[in-house]
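J.: starting from these lines, generate the structure:
(one chain, ligands or ions: 2)
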Amino acid sequence: MAFIELNVLNNEPSPILGIDLGTTNSLVAMWKDGRPQILKPEGHDGHIPSAIYFPENAEQPIVGQAVRERALVDPTGTVFSIKRFMGRGLKDVAEELSSVQFPASENENGQIEFDIRGRMYTPQELSALILMRVHDIACKTQLAGLGRRIVITVPAYFDDAQRQATRDAARLAGLEVERIINEPTAASLAFGLDQMKSGTIAVYDLGGGTFDVSILAIDDGVFRVLATTGDTHLGGDDFDRALAKLAHDDLIDQVGEETAQDSAFQQALRLSAERTKIGLSGHLEAEYRIVIPESSIRYHREIKRSEFEELSKPLIERTLVSCRQALSDAGLEATDIDEVVLVGGSTRIPAVREAVEQFFGRKPHTELNPDEVVALGAAVQGHILSGGTRDILLMDVVSLSLGLETVGGGVDKVIVRNSPIPCQATETYTTNVDNQTGIKFTVIQGERELAGDCRTLGNFELKGIPPMPAGLPRVAVRFQVDANGMLSVTAKEQSTGQTARIEVKPMHGLTDEEVESMLKASYDFAQDDFDNRRAADLRVDIARMCRASRAHYEEAKPALDRETIEDIDEALKAGDEAASSNLPDELQKVRDEIERATLPLAAVLMDAVAKSAMAGKTLDEL
Ligand code: ADP
Ligand code: MG
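T.: Ligands and ions are numbered 1, 2, ... in the order given. Now for the predicted structure:
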């Protein structure tokens, strides 16, 4: 049987992809519908960790997201931070070598080679594995017409050998490099700063393991690097390590020196630290939680943003030293800078943003995700190279966070500010009192912590929830913002499939000035808001505890002594009075007091439940 060869005729040249081959993460973007967009397959955030895991049995290496979990189990089989070795000789990177577990040597061309499970790999070959994965991800999002032509980015300080090595890596991955551009230039392109007639731009890039600051001059759309400096060993990892040290110090007595030195243990500590750090970028407090069932390690600690900021201070200060250096290398003062651009995932840390803003005396660009701007800019360059033009960039993002009012009057943000549209997110809620058959939802817009300080977009009610104890029903609430900025919110009760829905236009009737002042208020009132929110949550908690304690109090009384009863009465009375308090610390005390005082009551009830279970009777019958 013969097969007919299919030739797809396509007059349009394939688009040129933009690739950010990062030390920690790599991303790919493409010009689509008039703007650059990160390519992300369904359910994937588009970040591809620049890491490779080599299984022991010489199976295919694994690249990307899955590697981080593998590293937890087998840290020695993983290769990270390959970018540091690109185009370098052995003696250039003597210090870096300790971070790679595989033996390194130099081949006849003076290139580094790693002996990985019996096969030699150059950094170019390792990077090629990552680039293949990146291209793969891109292919998954595009059904047809995706070519192999790319624009790839490198740090501004990369020399010719490092740039050539990057080119080689792409070639090995079967990709065609149309142009190599500097990361800070790409970031500026993403923000459309090439449209400036002339000006000076500072690009502050704090990634996972490296920090760069570059000063660029722009003249008629052409970028020139005036200065670039930084610290190749300063990045998000250092912030993680600072947090991990806290947990290490707390745990050392419990786990002992030997476990503490174990690299899998340290990896677990650092991964949890990173989660906590990321939590603190969005909240004033986050949990640091480590659970390692095999070694029965359970650790839990609340970290306040202010505590984390204290730990980060020296790290941030080091970046500012480099900024000073870059300015002086360029022969400029901070006041000469016209635009400031933030790049790298670590610039999501609020304290970093504030420090940069203060240092340069102007608000940095934050309209795009800082860890995506380099790939986006590379896609802009790709678009321009393939003959495309563009008007001023449209930046379609959600300008104010969208969420729901909570029982106590707080706000649960479901879609955060600056999420590129279209976007969607789902959160699960439950009932607050027993046998509740309906839930009222109030859709809120704004950055403040209390619903009363935000804008109410609309209300709707989900009815027909089967009567169940509080906390059992599961209601998934989905927020969806379409390409036109229209928000639809759908609530669905899982067991019955009952749904309710509302549609609103969030930006309707809001001027730019109003958005600006809402944002400003959220900064100005951050601490007050946090206290109010905590107070509101505590009041709900206290009311719930009082209700639960009173439910079977009378039946349990005969089993309690006088003193305990007085103690409980007093605590519950304080609980009732707390309903009008707005002082979080006071409320916390009341709450803790109820918890303490009602312990004997809980014990009696537990006892009764146990007995009734054995006797086959219910508590009410006892
Ligand atoms: P690179 O340029 O080094 O490849 P990225 O720009 O992707 O790296 O930055 C990765 C770093 O950003 C990691 O250290 C990660 O923990 C950090 N990061 C990502 N998101 C956040 C966040 N929301 N808050 C704080 N740090 C973050
Ligand atoms: Mg980067």
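
J.: ok, what's across the strand from residue 299?
T.: Taking DSSP bridges as the rule, residue 299 bridges to residue 290.

J.: who's in contact with it?
T.: Counting by C-beta atoms under 8 Å, 6 or more residues apart in numbering, residue 299 touches 247, 250, 251, 288, 289, 290, 291. In this view, the C-beta of every residue, glycine as well, is placed from N, C-alpha and C.

J.: what residues does the stretch 451-600 of the chain have near ligand 1?
T.: Counting by C-beta under 6 Å from any ligand atom, no residue of the stretch 451-600 of the chain lies close to ligand 1.

J.: and the residue of the stretch 451-600 of the chain closest to ligand 1?
T.: When scored by C-beta to the nearest ligand atom, the stretch 451-600 of the chain has residue 526 as its residue closest to ligand 1, at 16.6 Å.

J.: and that residue, its phi and psi?
T.: Main-chain dihedrals, residue 526, degrees, to the nearest 10: phi -50, psi -50.

J.: ends of stretch 446-460, what's the gap?
T.: Using C-alpha to C-alpha, to the nearest Å, the end-to-end distance of stretch 446-460 comes to 19 Å.

J.: buried residues in that stretch?
T.: Within stretch 446-460, the residues that qualify as buried are 446, 447, 448, 449, 450, 451, 453, 454, 455, 457, 460, counting by 16 or more other C-beta atoms under 10 Å.

J.: pretty sure the second one contacts residue 519?
T.: Read it as residue 447. Yes. At 6.1 Å, residue 447 counts as touching residue 519 under the criterion of C-beta atoms under 8 Å.

J.: any of the contacts of residue 299 buried? List them.
T.: For the contacts of residue 299, buried by 16+ other C-beta under 10 Å: 247, 251, 288, 290.

J.: so how far is the strand or helix carrying the third one off the chain centroid?
T.: The reference is to residue 288. Using DSSP states H and E, the element containing residue 288 is strand 285-292. Centroid separation for strand 285-292 versus its chain: 16 Å, with C-alpha atoms, centre = their mean, to the nearest Å.

J.: contacts for it?
T.: Contact partners of strand 285-292, identified using C-beta under 8 Å, 6+ apart, comprise 243, 246-247, 251, 265, 268-269, 272-273, 276-277, 279-280, 297-305, 530.

J.: repeat that for stretch 104-121.
T.: Residues outside stretch 104-121 that contact it (C-beta under 8 Å, 6+ apart) are 54, 56, 58, 79, 85, 88-90, 93, 97, 100, 102-103, 122-124, 126.

J.: over to stretch 534-544?
T.: 406-410, 432, 450, 575, 578-579, 581-584, 587-588, 590-591, 594.

J.: what comes up buried for that stretch?
T.: By neighbour count on 16+ other C-beta under 10 Å, the buried set for stretch 534-544 is 534, 535, 536, 537, 538, 539, 541, 542, 543, 544.

J.: which of those sits closest to ligand 2?
T.: residue 534 (35.8 Å; C-beta to the ion).

J.: got the phi/psi numbers for that closest one?
T.: phi -60, psi -40.

J.: also residue 174?
T.: The phi/psi pair for residue 174 (degrees, to the nearest 10) is phi 80, psi 20.

J.: give me the neighbour count for the spatially closest residue to it that is not a sequence neighbour.
T.: Sequence neighbours aside, residue 148 is the residue nearest to residue 174 in space, at 6.1 Å (criterion: C-beta to C-beta, 6 or more residues apart in numbering). Residues lying near residue 148 (other C-beta atoms under 10 Å) number 14.

J.: who's in contact with residue 260?
T.: Per C-beta under 8 Å, 6+ apart, neighbours of residue 260: 248, 251, 252, 266.

J.: my bad, should have said residue 124
T.: Residue 124 sits next to 86, 111, 165, 168, 169, 172 when contact means C-beta under 8 Å, 6+ apart.

J.: restrict the residues you listed to those near ligand 1?
T.: By C-beta under 6 Å from any ligand atom, no member of these lies near ligand 1.

J.: top of the residues you listed by neighbour count?
T.: residue 169 (28 neighbours).

J.: what sits against it?
T.: By C-beta under 8 Å, 6+ apart, the contact set of residue 169 is 21, 86, 123, 124, 125, 127, 128, 131.

J.: so it is in which element?
T.: Per DSSP H and E, residue 169 falls inside helix 160-172.

J.: dump that helix to PDB, keeping only the CA atoms.
T.: The C-alpha coordinates for helix 160-172 follow below in PDB (Å, rounded to 0.1, in the frame of the first residue of the first chain):
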ATOM      1  CA  ASP A 160      30.400  36.200  22.500                       C
ATOM      2  CA  ALA A 161      31.200  32.700  23.700                       C
ATOM      3  CA  GLN A 162      28.100  32.600  25.900                       C
ATOM      4  CA  ARG A 163      25.900  33.900  23.100                       C
ATOM      5  CA  GLN A 164      27.400  31.400  20.700                       C
ATOM      6  CA  ALA A 165      26.700  28.600  23.100                       C
ATOM      7  CA  THR A 166      23.100  29.700  23.300                       C
ATOM      8  CA  ARG A 167      22.900  29.700  19.600                       C
ATOM      9  CA  ASP A 168      24.400  26.200  19.500                       C
ATOM     10  CA  ALA A 169      21.900  24.900  22.100                       C
ATOM     11  CA  ALA A 170      19.000  26.100  19.900                       C
ATOM     12  CA  ARG A 171      20.500  24.500  16.800                       C
ATOM     13  CA  LEU A 172      20.900  21.200  18.700                       C
END
